[in-house]
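Participant: coordinates only, no sequence provided:
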């Protein structure tokens, strides 16, 4: 067992998991923007005076939308690049492991899905 290769793999897996979580958080925010825009009739923008949209009552579900929380294109691309780079590092670290270690990971489910 090559301990250096195992440590490299575990570090790479931790970095990948963290970057994947960060990307998923951005995707969640993008989904919220999408939902608000596709339901624009039932949307109130935070910080702006609005009336209840036509066809809605005060009891209907109206989306409150805060544009200051929209993900910026730079934030989206940074998260995407980080996730791809960390996955590449993870794959390279996996390939540096011995065959026994790779078989163990395959059996134990230790290889994270992209």
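Facilitator: Sure, I can see it. Everything numeric here is computed off the predicted structure, so don't read it as measured data.

Participant: just give the nearest non-adjacent residue to residue 45, would you?
Facilitator: Nearest non-adjacent residue to residue 45, counting by CB to CB, 6 or more residues apart in numbering: residue 65, 5.3 Å away. To be clear about C-beta, it is placed using only N, CA and C from the backbone, and glycine gets the same treatment.

Participant: hmm, I typed the wrong one, I wanted residue 67.
Facilitator: residue 45 (6.6 Å).

Participant: what's near enough to touch the one you found?
Facilitator: Taking CB atoms under 8 Å, 6 or more residues apart in numbering, we find residue 45 in contact with 65, 66, 67.

Participant: please tell me how far it sits from residue 29.
Facilitator: 16 Å (CB to CB, to the nearest Å).

Participant: list the buried ones in the helix or strand residue 33 falls within?
Facilitator: Assessed by DSSP states H and E, residue 33 sits inside helix 3-38. Neighbour-count burial for helix 3-38 flags 5, 8-9, 12-13, 15-16, 19-20, 22-23, 26, 32, 36 (criterion: 16 or more other CB atoms under 10 Å).

Participant: shouldn't residue 70 be in contact with residue 33?
Facilitator: Yes: Residue 70 is in contact with residue 33 according to CB atoms under 8 Å; the separation is 5.6 Å.

Participant: in CSV, list the buried residues of helix 3-38 along with pLDDT.
Facilitator: Listed next are those as CSV, based on pLDDT from 0 to 100:
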residue, pLDDT
5, 82
8, 87
9, 87
12, 90
13, 85
15, 89
16, 88
19, 92
20, 90
22, 92
23, 91
26, 91
32, 79
36, 72
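
Participant: from the residues you listed, pick the one nearest residue 109.
Facilitator: Using CB to CB, residue 13 comes nearest to residue 109 of these, at 12.2 Å.

Participant: wait, the closest one sits on residue 90?
Facilitator: Yes: at 5.8 Å, residue 13 counts as touching residue 90 under the criterion of CB under 8 Å.
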